[in-house]
Structure formats: structure tokens, C-alpha cells
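Novice: Structure, please.
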Amino acid sequence: MWLTSENLPSSPEGGDENLLRRAGRFAGWAARTGFTIGKRLPLPGLELAGEGLRQVERQVLTGLRRRLDEVDDPYVVALSAAGTEHAPNGAGELVPAREPLRAAMKELLDRSVGFGREQAREYLYATVLRQLTPDEARIIATLATGAAFPVIDVTERGFGGGRTILRNASTVGKAAGVTLADEVPGYLTRLAGFGLVELDDESAELESQYEILATEDLVRSAAKSARRARLVRRTVRLSRFGVRFWAACDPGQWTRVL
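Specialist: I've put the predicted structure just below:
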């Protein structure tokens, strides 16, 4: 994809003393992700390098947002193509030539052939990132400190193991300052599904935090709804994939480098 002054604009403001490092990081990112700087980019000379690079960074961020929203979604690409490619049916009517779902799969398979390791990794992280909510991003950022947090499942005793009333209640949401505190169990379930967090056994080091968590309204309400409630203690932390994901997406890296 060509990066020109017309299809992409910038980034956080930063000092010119880091210009070479910023330029190097941008060039590496562009090489990994397939962006190419077009001739029409407004970089007339070294005397304008600082301002020019800031403009490039703004352009990259704008373009990246657009790519995350549209271009990198194979279904959107396939759906758009299907809407413009038509063929006559038995009745002589024009209908979409390709089924979007099949075309989307072909799009992914085609990309798998052309992607290198860095592009494939960038695409994987971008696909996960697009699905996160702001609250979930807060949780990931909090877990990225390396801390583990208590998790409680509320189950109901019964024949065959009973049933789960509440899964993945945790204090990590409060620590992260999420907006929808009651949705933390769902957030952790989703993050575990993405492979970003792992749920381990109970940690003796978190004893006092388990006790605090057990008194929260969400847990107490679930326990009261069960005939014979049982609280199952676990812990949550970033998974190995989550650590790599954060290393690639950490906005602090942008701040430190730029």
C-alpha cells in the first residue's frame, strides 16, 4: 500500500532530539506492514525533517485506523468485491458473482501466501486489538504490570458437579478503573478466549484479596441465588501470548521511542 500525503496524516508530539530513532522505528514499521512512502509526501529537505516526520506519523495513525476499520477485515473486502462483481443468473438478472463468506476465506488464504512472519504477526495482533473494548484494554494494561489478581467462580453443588452461577468475578476491573464493573466477568471470559489472559489455580499470596472479592455485591448476589453455593478461587494474569501482544501494542513504547 502506498503512503502519500493524500491517503494517510500523525502522532503524538515529540522532541526532535529523538528524530533519528523515530524515523528508524517508522521505517521499520512501514516495511513490516507494507506501507510505502509515496513521492508526493511533503518532505522537501532535511531542514523540514522534524516537522515532516511528525506529519508522516499523523498520516500513519490515520491510515492505520482506517485499515483496522476496513481494509484488514477480509469479510469487508470480500463483501465490497461481491457487491461490484455481478453475473447473470438463470432468469437473466445480475446477482453478486461471489458469496462473501467464501470470498473472505479466499482473501485470507491469499494473504497467508504473501505474508512474511512480521506481517502475519502484525495482522494477528491487529485482529485481536480490533475486538477489544476500552474496558478490556484497561484490564490488559493493568495485568501488563506483571501482577496477578484474584478470580472467583460461584458454583452450585449438585449431582454431576453442579452448575456455574458466576464465572470470572475479579478485582482486576476495579484496579483497572473500568467503566462497567459488572461486566468484568464477561471481559475476562472474552480475554481468555482471545488467549490474552490465563486463569490459574488459587494463590495463597492473594488470600486477603479473595476475602475482599467474596464480599462484593456481584459475588454475594450469585451465591445467594444458589441452593448450596461454593466459591472456587483462581487467579488471572497475562498469558505468554498476552505478554507478546502487549509488547507490540503498548502505547508507552510509542511515547518512549518518539
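Novice: where in the stretch 101-250 of the chain is pLDDT low?
Specialist: 159-161 (pLDDT under 70).
Novice: Tell me where it has helices.
Specialist: With helices called from DSSP state H, counting those that start in this stretch, the stretch 101-250 of the chain shows them at 117-131, 134-143, 172-176, 184-194, 207-214, 217-224, 240-249.
Novice: Could you check these and tell me which one is nearest Arg157?
Specialist: helix 217-224 (11.7 Å; Cβ to Cβ). From N, CA and C alone the C-beta is placed, and that goes for glycine too.
Novice: which residues sit against that closest one?
Specialist: By Cβ atoms under 8 Å, 6 or more residues apart in numbering, the residues outside helix 217-224 that reach it are Ile152, Val154, Ile165, Leu166, Ala169, Ala181, Asp182, Pro185, Leu213, Ala214, Ala229, Leu231.
Novice: Then stretch 233-248?
Specialist: 121-122, 125, 128, 140-141, 143-144, 146-153, 168, 170, 172, 188, 191, 195-203, 206, 210, 253.
Novice: Using CSV, write out every CA atom in it.
Specialist: Taking Å, rounded to 0.1, in the frame of the first residue of the first chain, the C-alpha atoms of stretch 233-248 are listed here in CSV:
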residue,chain,number,x,y,z
ARG,A,233,-10.8,-19.4,43.8
ARG,A,234,-8.4,-18.8,40.9
THR,A,235,-6.0,-16.2,39.7
VAL,A,236,-5.7,-14.2,36.5
ARG,A,237,-2.6,-12.9,34.8
LEU,A,238,-1.4,-12.2,31.3
SER,A,239,-0.7,-15.2,29.2
ARG,A,240,2.6,-15.6,27.2
PHE,A,241,0.6,-14.5,24.1
GLY,A,242,-0.8,-11.6,26.1
VAL,A,243,2.8,-10.5,27.0
ARG,A,244,3.8,-10.5,23.4
PHE,A,245,0.6,-8.8,22.4
TRP,A,246,1.2,-6.0,24.9
ALA,A,247,4.8,-5.6,23.9
ALA,A,248,3.7,-5.0,20.3
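Novice: If we go by neighbour counts, what in that stretch is buried?
Specialist: The neighbour-count check on stretch 233-248 (16 or more other Cβ atoms under 10 Å) flags Arg233, Arg234, Thr235, Val236, Arg237, Leu238, Ser239, Phe241, Gly242, Phe245, Trp246 as buried.
Novice: what about the residue lying closest to Phe115 once chain neighbours are set aside, distance to Arg111?
Specialist: Among residues not flanking Phe115 along the chain, Tyr123 sits closest, at 6.7 Å (Cβ to Cβ, 6 or more residues apart in numbering). According to Cβ to Cβ, to the nearest Å, Tyr123 and Arg111 sit 7 Å apart.
Novice: what's the answer for Leu191, then?
Specialist: Leu191 is 26 Å from Arg111, by Cβ to Cβ.
Novice: which one of the two has more residues nearby?
Specialist: Neighbours per residue (other Cβ atoms under 10 Å) separate Leu191 from Arg111, with Leu191 holding more: 25 against 15.
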